[in-house]
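A.B. asks: Mind folding the following:
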Amino acid sequence: MYLAEINEVIKASPAIQIQSKITHLQRRAWNVLLANAYKELPNTDIYSVSIVDLARKLGYVSNDIEHLKETLEALVDCTVEWNILGKDNKQEWGVASLLASAKIKDGICTYGFAPHLRLQLHNPRIYTRLNLRLQNRFTSRYALILWEICFDYFDADRDQGETPFIPLETFKSLMGLVETDYPVYKVLNQSVIKPAIKEINALTDYHVEVEQKRLRRRIAELKFRIIKVKQLPVQESLFPDIENLPPVAIELLQAEIDRKVALKIAKQDWDFVNPEKVPKPGTYPDFLSYISEKIEMSVDAMGVKNRAGYIVEAIRENYEDPELQKQREVRAERAKQKALEDLTTEYNAKRNTLLRQAVHADPGLVDAAAERVQSYIVRQRLEAHDTALAAYQKGGMVAAEINAILAAEFCQDLLAPVNTAYQDEKDRILR
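C.D. replies: Residues are numbered from 1 along each chain as shown. Below you'll find the model as predicted:
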């Protein structure tokens, strides 16, 4: 079955009740990747999906794959705890990365889950079927998380369900918040709980409400009830008229920015940003990544009454979040190191190919290089063969040492173009 034909994910309760701070797009992407891999989970540990299908299933229409790459990288970096409500009445604790690894080649994404987590994901004792098309309706990660938790306790036979009373600290963990976030319940309620419930009730054919339990004078626990109230047709996208718009405009529209403003920002690109606040070149892979960060910041921004206005101002004035900035810098450094490793691997392959061609044309080069060998171990291995060429052709330490000498002393002119290209690209990466 192709991903395009999959409209729901069978998701284990322990995988729903995870404790981690992941973005709205990351959670939706993980649901899609899980749905794509579900039937193969018992038989294989590597799964594949077309990047085009993945982007389409997420409602993310873009030829720029960098944003999806960042999402996959974040899922690999994301460590989560699961089953923290103990729905199956078993005392089991687990921790793992949401994705063990991911790779993109020739338009195909391959990926795998951590072994412990994989055991939780297939044929679980307790599971929930979540509609993949419906998840694209939500614009807030809090709404999507709360929807998954509520639906995890939904009884289809009765068309209703309710969670147990959830300690406030546990609820914050489920929402991806830390203990110090929203220390005042009134602010948590106004910024997280009410908007999430409002979005679920407005965009689905279910009604969610919350019950509060007090301990002395403070709100200590929350219970959520979910009831099916009406039948609505499920659309592929809440925004069917945006597919041909620029990716930046799509992101902004899904964050409820006015259409004219979204198009203006997309058209002006970096020119929309205050010239004094434009980030240094290389800080972001592209303008879309910059936009996505400002939208993400708005989710946790304190005391914001007009989220759309906050996002526009954050884009214009380059608001910064130290935590997001640190994550971005870490990802950028990792990407830089990976690029350098790939460049070095490619350079060595090209260099060695040219050197083998030179040796094929003039085998005497190996003998000349062998006389310059200083390593005692390499000299021993050379002496163990009838000729230096035979030892060189066997590869290993001898070939590596001979190639190094050939490159440094005998084949500089031959390697000059490759060396120059390597150094130029290395300088570009390190800038």
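A.B. asks: all contacts plus neighbour counts: C-alpha atoms, from now on.
C.D. replies: Fine.
A.B. asks: ok, now how distant is the nearest residue to residue 399 once chain neighbours are set aside from residue 366?
C.D. replies: When the adjacent residues along the chain are set aside, residue 399 lies closest to residue 392, with 4.7 Å between them (Cα to Cα, 6 or more residues apart in numbering). In this structure, residue 392 and residue 366 are separated by 7 Å, where distance is defined by Cα to Cα, to the nearest Å.
A.B. asks: and what of residue 245?
C.D. replies: For residue 245, the distance to residue 366 (Cα to Cα) stands at 60 Å.
A.B. asks: Compare these two and say which is more crowded by neighbours.
C.D. replies: Each of residue 245 and residue 366 has its neighbours counted (other Cα atoms under 10 Å); residue 366 has more, 24 against 15.
A.B. asks: Spatially central residue in the chain, please.
C.D. replies: Most central residue of the chain, judged by C-alpha distance to the mean C-alpha position with Cα atoms, centre = their mean, is residue 71 at 2.1 Å.
A.B. asks: any idea which element that residue lies in?
C.D. replies: Assigning secondary structure by DSSP states H and E places residue 71 in helix 66-77.
A.B. asks: who does that helix touch, helix- and strand-wise?
C.D. replies: The contact analysis (3 or more Cα pairs under 8 Å, 6 or more residues apart in numbering; DSSP states H and E) places helix 66-77 against helix 24-37, strand 94-97, strand 101-105.
A.B. asks: at 10 Å what do you get?
C.D. replies: helix 24-37, helix 51-57, strand 94-97, strand 101-105, strand 108-112, helix 287-300, helix 322-361 (3 or more Cα pairs under 10 Å, 6 or more residues apart in numbering; DSSP states H and E).
A.B. asks: and these, which is most packed in?
C.D. replies: Burial among the helices and strands packed on helix 66-77, expressed as mean neighbours by mean count of other Cα atoms under 10 Å, is greatest for helix 24-37, which shows a mean of 21.
A.B. asks: pull the CA atoms of that one into CSV?
C.D. replies: The C-alpha atoms that make up helix 24-37 are tabulated as CSV, following Å, rounded to 0.1, in the frame of the first residue of the first chain:
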residue,chain,number,x,y,z
HIS,A,24,3.7,20.5,15.7
LEU,A,25,5.2,19.5,12.4
GLN,A,26,7.6,17.1,14.0
ARG,A,27,4.7,15.3,15.8
ARG,A,28,2.7,15.1,12.6
ALA,A,29,5.7,13.9,10.6
TRP,A,30,6.3,11.1,13.2
ASN,A,31,2.7,10.0,12.9
VAL,A,32,3.0,9.8,9.1
LEU,A,33,6.3,7.9,9.3
LEU,A,34,4.8,5.4,11.8
ALA,A,35,1.7,4.9,9.6
ASN,A,36,3.9,4.2,6.6
ALA,A,37,6.1,1.7,8.5
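A.B. asks: so it versus helix 287-300, what angle?
C.D. replies: Counting by axes from the mean of the first three to the mean of the last three Cα atoms, to 10 degrees, helix 24-37 lies at 110 degrees to helix 287-300.
A.B. asks: tilt between helix 24-37 and helix 66-77?
C.D. replies: For helix 24-37 against helix 66-77, the angle between stretch directions is 80 degrees (the same axes, to 10 degrees).
A.B. asks: Report the distance from helix 24-37 to the chain centre.
C.D. replies: Mean C-alpha position of helix 24-37 versus that of the full chain (Cα atoms, centre = their mean, to the nearest Å) differs by 10 Å.
A.B. asks: got any ranges where the chain has weak pLDDT?
C.D. replies: Counting by pLDDT under 70, the chain contains low-confidence ranges at 1-25, 59-64, 80-93, 119-137, 230-244, 300, 324-325, 327-328.
A.B. asks: Got the domain ranges for it?
C.D. replies: 1-124, 137-238, 247-320, 332-430 (automatic domain parsing).
A.B. asks: Can you classify the residue nearest to residue 399 by secondary structure?
C.D. replies: In three-state terms, and counting by DSSP: H, G, I helix; E, B strand; the rest coil, residue 392 is helix.
A.B. asks: isn't it right up against residue 382?
C.D. replies: Yes - look at residue 392 against residue 382 with Cα atoms under 10 Å: they come within range, at 8.1 Å.
A.B. asks: Show me which of those two is the more surrounded one.
C.D. replies: When neighbours are counted by other Cα under 10 Å, residue 392 and residue 382 differ, and residue 392 comes out ahead with 24 against 19.
A.B. asks: From residue 351, how far out is the more buried one?
C.D. replies: Applying Cα to Cα, the value for residue 392 to residue 351 is 15 Å.
A.B. asks: Tell me how many other residues surround residue 364.
C.D. replies: When counting by other Cα under 10 Å, one arrives at 14 neighbours for residue 364.
A.B. asks: show me what contacts it?
C.D. replies: By Cα atoms under 10 Å, 6 or more residues apart in numbering, the residues touching residue 364 are 358, 370, 388, 389.
A.B. asks: Residue 193 versus that one, what's the distance?
C.D. replies: 77 Å.
A.B. asks: swap in residue 211?
C.D. replies: For residue 211, the distance to residue 193 equals 11 Å [Cα to Cα].
A.B. asks: When these two are compared, which one has more neighbours?
C.D. replies: Taking other Cα under 10 Å, residue 211 and residue 193 do not tie; residue 193 has more neighbours (19 against 10).
A.B. asks: Please name the nearest non-neighbouring residue to that one.
C.D. replies: Nearest residue to residue 193, sequence neighbours excluded (Cα to Cα, 6+ apart): residue 142, at 7.8 Å.
A.B. asks: show me where the stretch 101-250 of the chain has strands.
C.D. replies: Read by DSSP state E, counting those that start in this stretch, the stretch 101-250 of the chain holds these strands, from start to end of the chain: 101-105, 108-112, 127-131, 154-155, 160-162, 166-167, 206-215, 218-228.
A.B. asks: Mind putting the ones you listed into a markdown table with distance to residue 250?
C.D. replies: Written out in a markdown table, the entries for the strands of the stretch 101-250 of the chain read as follows (distance: least, Cα to Cα, whole Å):
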| stretch | distance to residue 250 |
| --- | --- |
| strand 101-105 | 24 |
| strand 108-112 | 23 |
| strand 127-131 | 22 |
| strand 154-155 | 32 |
| strand 160-162 | 34 |
| strand 166-167 | 36 |
| strand 206-215 | 27 |
| strand 218-228 | 30 |
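A.B. asks: I am finished for the moment; much appreciated.
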